[in-house]
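Student: Quick one, what's the 3D model for this:
(one chain, ligands or ions: 1)
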Amino acid sequence: MDFTPSADVAGIYSCGPTVYHYAHLGNMRPYVFADTLRRALRWKGIPARQVVNITDVGHAVADSETGEDKIEMAAAREERSVEEIASYYTKVFFEDTAALNVQPADVYPRATEYVPQMIEFATRLEELGYTYLLPSGLYFDTTKSPGYGTLALLDLEGQREGARVEQIEGRKNKSDFALWRTEEPGVRRVMRWNSPWGWGAPGWHLECSVMSMALLGQHFDIHTGGVDHRELHHVNEIAQSEAYLGDGQPWVRFWLHNEFLLMNNAKIAKSAGPVPRLAELIEAGYHPVAYRLFLLGGHYRSQLDFTTNAIDAAQATLRRLAGRVAALRPLPAADTYDAARESLPPGDEVAAAYLEKIDAAISADLATPQILAALQESLRDPGISAAGLRVVAAAAEALLGLGLAELDTREVDRRRSAADLDSAEVELIERKVAERTQARLDKDWGRADQIRNELEALGVQVTDTAAGPTWELT
Ligand SMILES: [Zn+2]
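Tutor: Now for the predicted structure:
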């Protein structure tokens, strides 16, 4: 990773959720990705400030420029107020991200809190001559934006010729977008503000430019989002922001986009029906972090196919990792590369080499699959010292965020049976059971109890029978 922040603190803006429905698994990928980026910056000793917006107004149906607001539609459907809808789905979003070990952003601005600033922003663009007014709202003229659409890597002529392009009376170019959506005559919006262009609501793209500049400064380092934003939303954010700033500088230094989640090899539609939510995965017996592990098992710029087999494999891996790392706790502090280096036992070349592997992987555009591989390899390596292994596990955990410092294997999967264990796990359990039997024969009750506790931490219950001890998974 070749990155130095432009200020003392790297500013990160991540496009956040529209809070009118439950987020499905695919919707969660951008937040796990942005969390990985933050962990990577911390690893490199770079302080960061992250802003994630909450879109609680202005996102029209099918990303169009006109038409009903998604939140108002949801309020009507669920017979709740728009405020109830927004606060309920915001709460669910926070619960889901917390369950995925996504560290909270520094600020979660709500679009409804920034409408006056959005009106000022659009007024400035109007003064600069970038806009034109139609009965349906104030539009940004994209032909006045040099380099419009560069980010999308698409040719403008061919862009958005598909079904998503709506006919708007008087719009000069298909790519022009609404800065302000004026109420149609006779239609009174629930969420409405007065503006120089009449009563109405801001266009969807405006909030990200306004809130990021308000909270991170006019220019900042990194903007993240799903790859679906690269073609339209981010292109429009750039056009209006660079027009507003007018300083000839790129608005944002780096744009990072995560790829799509596929479902059984099919692309997930935006408002998908059958894609599960995290809560449904949990109900089905999966640990939420198994989904995080599944995501990190692929590179963020690769499409990932969500299948039952894939999530089962992630769950089994998580259980094995938690079981192995449990024996190494407590883990030392290794949140940064420097702290990890300092924690290494002197002369432990094997552990040092794993640490270098982990650092090289995160530096190579956040290659989380390689970090996972290095961790797994180190846990099997007979040549590494226990103290060195602790540091390697702590370093991998700091970047992967799987909760290995405290995760109890019993929490990971309540449905497992002994048949799910691999031979190394069975060997470890049987060795501990035998040690406990020996301790009991030696009448070393303290030692026997200690081993029983260790086994319980692995989710193993020992029962003493006349024929000797037996064990089962709890
Ligand atoms: Zn955005």
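Student: switch to C-alpha atoms for all contacts and neighbour counts from now on
Tutor: Will do.
Student: Spatially nearest residue to Phe140, not counting backbone neighbours?
Tutor: Computed as Cα to Cα, 6 or more residues apart in numbering, the closest residue to Phe140 that is not its neighbour in sequence is Thr131, at 4.6 Å.
Student: check contacts around that neighbour.
Tutor: Residues in contact with Thr131 (Cα atoms under 8 Å, 6 or more residues apart in numbering) are 125, 138-141.
Student: Cross the residues you listed against helices and list the overlap.
Tutor: Leu125 (DSSP state H).
Student: Using JSON lines, lay out the contacts of Thr131 together with neighbour count and distance to the ion.
Tutor: Below are these laid out as JSON lines (neighbours: other Cα atoms under 10 Å; distance: Cα to the ion, whole Å):
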{"residue": "Leu125", "neighbour count": "20", "distance to the ion": "19"}
{"residue": "Leu138", "neighbour count": "24", "distance to the ion": "19"}
{"residue": "Tyr139", "neighbour count": "23", "distance to the ion": "18"}
{"residue": "Phe140", "neighbour count": "29", "distance to the ion": "17"}
{"residue": "Asp141", "neighbour count": "21", "distance to the ion": "19"}
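Student: Against Ser212, how distant is Arg124?
Tutor: Per Cα to Cα, to the nearest Å, Arg124 is found 17 Å from Ser212.
Student: More neighbours: the two, which one.
Tutor: Legend: neighbour count by other Cα atoms under 10 Å for Arg124 and Ser212, higher for Ser212 (24 against 16).
Student: On the secondary structure side, give me the element for that one.
Tutor: Counting by DSSP states H and E, the element that carries Ser212 is helix 206-216.
Student: Residues contacting that helix, please?
Tutor: By Cα under 8 Å, 6+ apart, helix 206-216 touches 11-13, 15, 49, 51, 53, 109, 111, 114, 117-118, 121, 179, 218-219, 237-238, 240-241.
Student: Of all the residues in it, which ones are buried?
Tutor: 206-213, 215-216 (16 or more other Cα atoms under 10 Å).
Student: Show me what whichever helix or strand comes after it is packed against.
Tutor: For helix 206-216, the following helix or strand on the C-terminal side (DSSP H and E) is strand 220-226. Counting contacts by 3 or more Cα pairs under 8 Å, 6 or more residues apart in numbering; DSSP states H and E, strand 220-226 packs against strand 10-14, helix 25-43, strand 252-258.
Student: Adding mean neighbour count, write those out as TSV.
Tutor: As requested, the helices and strands packed on strand 220-226 are exported to TSV (neighbours: other Cα atoms under 10 Å):
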stretch	mean neighbour count
strand 10-14	24
helix 25-43	23
strand 252-258	17
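Student: Which of those sits closest to the ion?
Tutor: Closest to the ion of the helices and strands packed on strand 220-226, according to Cα to the ion: strand 10-14, at 7.0 Å.
Student: Next one: the residue in the chain positioned nearest to the ion from Arg181, what distance?
Tutor: Closest approach between the chain and the ion, counting by Cα to the ion: Cys15, at 4.1 Å. Cys15 sits at a distance of 21 Å from Arg181 (criterion: Cα to Cα).
Student: Specify which residue of the two has the higher count of neighbours.
Tutor: Arg181 (27 against 24).
Student: That one belongs to a strand, doesn't it?
Tutor: Yes - the assignment for Arg181 is a strand, going by DSSP: H, G, I helix; E, B strand; the rest coil.
Student: and it, bridged to which residues?
Tutor: Beta-bridge partners recorded for Arg181 (DSSP bridges): Gly137, Ala201.
Student: Quick check, it in contact with Leu138.
Tutor: Yes - here Arg181 reaches Leu138: they are 6.8 Å apart, a contact under Cα atoms under 8 Å.
Student: picking up where we left off before, the helix holding Ser212 vs strand 10-14, what angle?
Tutor: 160 degrees (axes from the mean of the first three to the mean of the last three Cα atoms, to 10 degrees).
Student: Understood, closing this out.
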